[in-house]
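*Asks:* compute the structure for the input listed below.
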Amino acid sequence: MRLQRILILLTIIILTPLNAFAAGECGLSCCIAGASSSGVTLASRFGISLQYEYSYMKPLREGSTEVTSGYVLDKKFAEGAAEYKAPTEMVMQKYSLIGSYPVTSNFMLIGIVPYVINDMTMRHRIGSMVMDMKMDTVSGIGDALLFAYYTFYQDEPVRPTLRFSGGLGIKTPTGKNNEKDKNGQLYHAMMQPGTGSWDPLFMVNGMVFLDPVWLQANVFYHLTTKGDSGYEFGDQLSADIISRYQMFKYMNIGLEVNGVYAGKDKDHDSRFATNTALLDNTSNTGLFAVYVTPAIQVKIPNTGGSFEIKYQQPVYQSVNGIQQVIDWRILASITWNF
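*Replies:* Residues are numbered from 1 along each chain as shown. Just a heads-up that it's a prediction; the model follows:
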């Protein structure tokens, strides 16, 4: 049923009248959102994009080994715990509105405003009693991003076959990071819509076009800082190798390999720290993961519109401590260039 709801929602997104949106490529937001930096391009016209991201998390890993919630609870009780909670399922959804404006032929400004919806189910053990509990949905405006993107070199002004670009950006603390449940307890830091921090962003990009195939490589670095709640997420480094093939005049297919490294979080003021939940221990943060991402893009003939769908599947995940990891992710976008 959950998969059916996803497919229905993606269909609604794709069939929404395209003149309701506009856009440059959506990939930059994927990177900054933690998926990948794939698809970053420079457009020659003002554009708007609406992107939807659905991440399904179920497996628990200890290092690179998959474990169960029962294993986690048994392990903590063997260490002397009287109460403990471990996640069993998490769904993270994100809607991103992305605007791009070409200041010059080589310089572009990009703005991203996300809206996030996070749901989680936990397994809670108290003594010999074990129960499953669904947490309240946490939703709201996320952290907005501003990015300046510059092309250092391209061999042709209109249809380049070789291009090198780079960019600098800032993630702003527009999302709330102090949401609480009905008992007045802070939700886990990763469930919060925002981080409360101002974070610099860095990116370099190279592209080669060999008609009908183009290849692209991106490297992206997210330097995190301490938020106003005292929590600091780990720095993130991601890299992508992307290929696209023009199957038909208005259709491209692609395949990507996406790598992500995230450092450990720091809870400087111990506002989120507890001894009774897996997610509230920063030793269970930081990872290295590799994903494979097939994609399909369809352009609307004689317009500046297109839509794209990607499916992201992890092929390797190694975590610090024990963590719940991505099982699969879907990304869909509608774009329009004016």
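
*Asks:* what score does A33 have for pLDDT?
*Replies:* Listed pLDDT for A33 reads 33.

*Asks:* same thing with G184?
*Replies:* 85.

*Asks:* roughly how far apart are it and Q192?
*Replies:* G184 is 15 Å from Q192, where distance means Cβ to Cβ, to the nearest Å. C-beta: built from backbone N, CA, C; applies to glycine.

*Asks:* same thing with G321?
*Replies:* 20 Å.

*Asks:* out of those two, name the residue with the larger neighbour count.
*Replies:* More crowded of G321 and Q192, by other Cβ atoms under 10 Å: Q192, with 25 against 16.

*Asks:* show me the residues around the more buried one that make contact.
*Replies:* 138, 175-179 (Cβ atoms under 8 Å, 6 or more residues apart in numbering).

*Asks:* now do Y221
*Replies:* 201-203, 235-237.

*Asks:* any idea of the mean pLDDT in the one helix or strand it maps to?
*Replies:* Using DSSP states H and E, Y221 falls within strand 213-222. Taken as a whole, strand 213-222 has an average pLDDT of 93.

*Asks:* next one: phi and psi at D280?
*Replies:* The phi and psi values for D280, taken as degrees, to the nearest 10, are phi -90, psi 10.

*Asks:* burial count for it?
*Replies:* By other Cβ under 10 Å, neighbour count at D280 equals 19.

*Asks:* which residues in the stretch 101-250 of the chain form strands?
*Replies:* Assigned by DSSP state E, counting those that start in this stretch, the strands in the stretch 101-250 of the chain fall at 107-126, 129-134, 138-141, 145-154, 162-171, 199-210, 213-222, 231-232, 236-248.

*Asks:* so what's the residue count around the closest residue in space to A277 that isn't next to it in sequence?
*Replies:* Once flanking residues are discounted, A277 sits nearest to K85: 4.4 Å by Cβ to Cβ, 6 or more residues apart in numbering. By other Cβ under 10 Å, 24 other residues sit near K85.

*Asks:* against F77, how distant is the most far-flung residue of the chain relative to its centre?
*Replies:* Each residue of the chain has a distance to the centre, and by Cα atoms, centre = their mean the biggest one is for S128: 37.5 Å. Here S128 is placed at a distance of 9 Å from F77 (Cβ to Cβ).

*Asks:* also V260?
*Replies:* V260 is 33 Å from F77, by Cβ to Cβ.

*Asks:* quick one, which of the two is more surrounded?
*Replies:* Just comparing V260 and F77: by other Cβ under 10 Å the higher neighbour count belongs to V260, 23 against 15.

*Asks:* next up, phi/psi of the more buried one, please.
*Replies:* phi -130, psi 130.

*Asks:* same deal with the one 3 residues further on?
*Replies:* Main-chain dihedrals, G263, degrees, to the nearest 10: phi -80, psi 180.

*Asks:* so what's the closest residue to G194 other than its chain neighbours up against?
*Replies:* Once flanking residues are discounted, G194 sits nearest to G175: 2.2 Å by Cβ to Cβ, 6+ apart. By Cβ under 8 Å, 6+ apart, the residues touching G175 are 114, 116, 140-143, 192-195.

*Asks:* can you put those residues in JSON lines and add pLDDT and distance to M133?
*Replies:* Converted to JSON lines, the contacts of G175 look like this (pLDDT from 0 to 100; distance: Cβ to Cβ, whole Å):
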{"residue": "P114", "pLDDT": "95", "distance to M133": "27"}
{"residue": "V116", "pLDDT": "96", "distance to M133": "21"}
{"residue": "G140", "pLDDT": "96", "distance to M133": "22"}
{"residue": "I141", "pLDDT": "97", "distance to M133": "27"}
{"residue": "G142", "pLDDT": "96", "distance to M133": "25"}
{"residue": "D143", "pLDDT": "96", "distance to M133": "28"}
{"residue": "Q192", "pLDDT": "95", "distance to M133": "19"}
{"residue": "P193", "pLDDT": "95", "distance to M133": "21"}
{"residue": "G194", "pLDDT": "95", "distance to M133": "25"}
{"residue": "T195", "pLDDT": "95", "distance to M133": "25"}
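
*Asks:* great, nothing more from me.
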